[in-house]
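Trainee: Sequence first, then the predicted structure:
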Amino acid sequence: MKDIAHKHIKRLSEIKQTVQDAHTYFRENYERFNEFRRFVFETSMTSDEISLLASMNRPQLEFNVLEAYVSRLLGEFSKQEPDIEVASFDEARVDPMTVNLVQQHLKHVFGDDNNEHMRYEVYKDLLSGGFSSVKIYTDYEHYMSMNQVIRMGRCEPTLCGFDPSAKLSHKGDGRYCFELFPKSKEEFEAEYPDIDIKTLSFRRDFSGFSWSHASSNKKTLLLCDYYEKVLKEESIIRLNDGRVMTTKDYRKLIDEWDDIALPPATVGKSRRTVRETITRYRLVENKIIEVEETDFEMLPIVFVDGHSIMLANNSGSNVKQVTRPYVYHAKGAQRLKNYAGNSLANEIENTVQHKFMVAKEALPEEESFLDAYKNVQQASVLVYNSFAKDNPDMPIANPVREIMRVPPPPEIQAAFAGSDSTIQNVLGSYDASLGINNNQLSGIAIVEAASQSNATAMPYIVGCLQGMQRLAQIYVNLMPKYIVTPTTLPFKTPEGKRQFVKVNQQGGMDMNFDANVLNVSLKAGASFQVQKSRTINMVKELMGMSQEFASFINSKGLHFVLDNMDGKGVEELKDLVKEWTEEQQQQQQQAMQMAQQEASNTPAHIRAETDRQKLALDAQKNEQEFAIDVAKLELEKEKMLLNAELTEESFELELAKALIDKRSKERNSHVAMIDMNKRHNHERDRLHHDVMKHITTLASQNIIKGD
């Protein structure tokens, strides 16, 4: 046995008190559950009523009719399959094929493949007791297996408890839940030999909640599995591929990344969130035996509510949940029927057996005449003395007088017969009273009334489906955690057949998906037997009203008709109809081909075929000629466009040449002007030089002359 941390050990008294408080809060519902289960299935009379009837010397008879109503609803429910739908909040994060596989696998799981009839037993609890409990757990596939599988099953409702503060119908929003297992002292010691239970009291007082008690020579103790939510704060981030994971998982992904491509990057900032995990405590009165951190993210025990209501006490200070079975309000009418039946039986039992009142003096003395008085059932003649034996002159007044039987009071018979209609009105079940018109029982009216009765029980069906939906959500949440090895997963096809698919292996599907983005919903399927009967009758009437509709059903609606039929061998009949339909289609195709071949051998068909081929050739020739003409036009168009382009290009070339000549002339003129300016400047400079030289010469000559 593993060592348990001190922080868990010191919580023993706290957990025990929590369990006792939850059990005390729901005790009235537990007692009502057992009371009505016993009232419906065992005896509809209490021990006090039996003692009272015995003291009054009356018969103790029962006329229980409530079980028949419950059994009829159970029979209808057994024909119904829940309609399961799985949808993804984000298609980018879960493959649609995976979503479809999860949906079909859930249909297989809730199809009662393990033959435990969980849904049937849970619905029976709701109708007869008012509530039920189911749980989901993991276990090895079999005693020689190393693979764990996910299982689900019904719990004993009176041994399960939930947080009184829970608001949802399945109580999954509560802080805790627990399940109690009564075990004998010997059984517990064999299972847990290291646990010392010598200090347990094993008291004989059964009032209130007791962790251990003794009855006659047997000692019993309670083993408790206590599941508690633990809140853990974590940091989550979003990746660029759409996934959201914790930073811890992202670091692990980066450390294990071995791909050539870059790992997915984060988008935006991380944020803090609170994640719920479930811790399981296993304990007895004096010790905590085990503490385990489970893989559950939701409480594994689910409360299945029938049709409960929250009521406050007289002062309004305290509100409690009151669970009510389907037959809750019919209990008084059932007791009335029992009482009226016992009163009627008492009247019959105390019926006067005497037939005649005869004066003693009028009785004849002959034995043969007395036989008529003793055996009144045998036809005979009553002989009597009309005069006194001792005094012939004295006539006997009223010598023989018949005794009239006093009938029982009509009120008793009316109460006994009227209690049935009262029960039907209370339960909303009218199939026994409707459909009678002039002593003619209408089957259609019975079907309609049965549908109405089913509608009155719909709150209990809805409650059952809500519990099953929560169970399916927990199952889907566990699938990626436990279906991790290469295996085959069973699923149910839309045709209702069981098949298998490979998962977590090459060529198979990957079950490593994000369960948080999947939503599971359950609703009542349309496969009630009464609804099927109504559908068949409706189709039958429409076929009689319309020949076109009848031919349509006969040609394409056979599968629809078979889907709404119940009976032995219906599935085999569906397969045969499918094969027959395929054969009919093949025969029709072959007949059409043969008819076409036969029609092709007639002279008219040959002439028509020749004309058709000639027309086809002419059309082909015309198409070819038209195509040639179009090609010619396209060629001419291209030629014209080319000429236009050439003309435009030559014009642009001439224009460019003119511009070049112009620019060349302008350049030459400019150069000539520059040369002329240079020459003029040169000549001017030379003239200026000559003038200056001449002036200088003249000046020199004048100076000489002056000297």
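Mentor: Everything's here; your move.
Trainee: The residue lying closest to Arg271 once chain neighbours are set aside: what secondary structure?
Mentor: Nearest residue to Arg271, sequence neighbours excluded (C-beta to C-beta, 6 or more residues apart in numbering): Ile236, at 6.2 Å. Yep, even glycine has a C-beta here, placed from its N, CA and C like the rest. With DSSP: H, G, I helix; E, B strand; the rest coil as the basis, Ile236 sits in strand.
Trainee: My reading is that Met538 lies in a helix. Confirm?
Mentor: Yes: Met538: assigned to a helix according to three-state DSSP.
Trainee: Tell me how many other residues surround it.
Mentor: 11 (other C-beta atoms under 10 Å).
Trainee: State the distance from it to Lys79.
Mentor: 18 Å (C-beta to C-beta, to the nearest Å).
Trainee: Kindly report the same for Glu121.
Mentor: 16 Å.
Trainee: likewise Asp48?
Mentor: Taken as C-beta to C-beta, the span from Asp48 to Lys79 is 40 Å.
Trainee: higher neighbour count, the two?
Mentor: Lys79 (14 against 8).
Trainee: Ramachandran coordinates for the more buried one?
Mentor: phi -90, psi -10 (degrees, to the nearest 10).
Trainee: Equivalent analysis for Val322, please.
Mentor: Dihedral angles (degrees, to the nearest 10) for Val322: phi -110, psi 110.
Trainee: from memory it sits against Ala312, does it?
Mentor: No: assessed by C-beta atoms under 8 Å, Val322 is found out of contact with Ala312, at 10.5 Å.
Trainee: For the two, indicate the residue with more neighbours.
Mentor: Taking other C-beta under 10 Å, Val322 and Ala312 do not tie; Val322 has more neighbours (14 against 10).
Trainee: need the contact list for the more buried one.
Mentor: With contact taken as C-beta atoms under 8 Å, 6 or more residues apart in numbering, Val322 is in contact with Glu28, Asn29, Ser308, Ile309, Met310, Leu311.
Trainee: again, 7 Å this time
Mentor: Ser308, Ile309, Leu311 (C-beta atoms under 7 Å, 6 or more residues apart in numbering).
Trainee: Return the member of the residues you listed nearest to Ser44.
Mentor: Ser308 (23.2 Å; C-beta to C-beta).
Trainee: Tell me how far the closest residue in space to that closest one that isn't next to it in sequence lies from Met97.
Mentor: Closest residue to Ser308 apart from its sequence neighbours, by C-beta to C-beta, 6+ apart: Thr323 at 4.4 Å. Relative to Met97, Thr323 is positioned 42 Å away (C-beta to C-beta).
Trainee: now Val671
Mentor: From Val671 to Met97 the distance is 87 Å (C-beta to C-beta).
Trainee: Likewise for Pro408?
Mentor: Counting by C-beta to C-beta - Pro408 and Met97 are separated by 73 Å.
Trainee: neighbour count winner among those two?
Mentor: Just comparing Pro408 and Met97: by other C-beta under 10 Å the higher neighbour count belongs to Pro408, 17 against 11.
Trainee: you'd agree Lys269 is in a strand?
Mentor: Yes: judged by three-state DSSP, Lys269 forms part of a strand.
Trainee: Quick one: neighbours of it, just the number.
Mentor: Neighbours of Lys269 (other C-beta under 10 Å): 8.
Trainee: Point out where the stretch 101-250 of the chain drops to low pLDDT.
Mentor: In the predicted model, the stretch 101-250 of the chain carries pLDDT under 70 at residues 112-115, 204-207.
Trainee: what's the answer for the stretch 351-500 of the chain, then?
Mentor: 430-454, 495-496.
Trainee: let's see 80
Mentor: Across the stretch 351-500 of the chain, the ranges flagged by pLDDT under 80 are 351-355, 376-377, 389-393, 397-399, 403-406, 429-456, 493-497.
Trainee: what about the strands in it?
Mentor: Per DSSP state E, counting those that start in this stretch, the stretch 351-500 of the chain carries strands over the ranges 356-358, 400-402, 436-437, 440-441, 487-492, 498-503.
Trainee: Please identify the deepest-packed of these.
Mentor: Mean neighbour counts were compared across the strands of the stretch 351-500 of the chain using mean count of other C-beta atoms under 10 Å; the top stretch is strand 487-492, at a mean of 18.
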